[in-house]
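Asks: Below is the sequence, then the predicted model.
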Amino acid sequence: MVGVEGGLTSTTASIVAAPSGDAIPPKLRQNGGSPRQVFAITLIGTLVLAIFASRDLSSWLDRLGDGRVAQTAQSLAAEWDGAMAKLALVRPHEGLRLAIRRLLDWQWPEH
């Protein structure tokens, strides 16, 4: 056992260093994206959500309250949802909701 432990060098110890505060090991951290890449993928994700989840925008905005900004945002969300409906981009959302509703209403057989 002493021979195995003696084989560790300071180089090996630095590679096997403890993870950082966010628990991402250093080896994985070296291959991560740049801040620009993270911002770009966040922007893309936001646009995809805005397009395909437009039906839920009004319910999300209901949580903002009743201020003037919230009312303006709700009216913009309603216009956006109407535009997405005209382009038929709400069909995947409605299909998924219908499928989930059917699964929830389905009576599971008891054995």
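Replies: Received the coordinates, thanks.

Asks: all contacts plus neighbour counts: C-alpha atoms, from now on.
Replies: Fine.

Asks: Gly33 in helix, strand or coil?
Replies: With DSSP: H, G, I helix; E, B strand; the rest coil as the basis, the three-state label of Gly33 is coil.

Asks: Gly65: neighbouring residues, count only.
Replies: Taking other C-alpha atoms under 10 Å as the neighbour definition, Gly65 ends up with a count of 10.

Asks: and it, what does it touch?
Replies: With contacts defined as C-alpha atoms under 8 Å, 6 or more residues apart in numbering, Gly65 has no neighbours.

Asks: Now do it against Thr72, distance only.
Replies: Between Gly65 and Thr72 the distance is 11 Å, computed by C-alpha to C-alpha, to the nearest Å.

Asks: do the same with Ile44
Replies: The span separating Ile44 from Thr72 equals 24 Å under the rule C-alpha to C-alpha.

Asks: Then Pro25?
Replies: Plainly put, Pro25 is 45 Å away from Thr72 if you go by C-alpha to C-alpha.

Asks: Compare the two (neighbour count), which wins?
Replies: Neighbour comparison, Pro25 and Thr72: the larger count goes to Pro25, with 15 against 12 (by other C-alpha under 10 Å).

Asks: Just read off the phi/psi values of that one.
Replies: phi -60, psi 150 (degrees, to the nearest 10).

Asks: any idea how far the residue at minimal distance from the centre of the chain is from Val90?
Replies: What sits nearest the mean C-alpha location of the chain, by C-alpha atoms, centre = their mean, is Gly45, with 7.4 Å. As defined by C-alpha to C-alpha, Gly45 lies at a distance of 17 Å from Val90.

Asks: Noted, bye for now.
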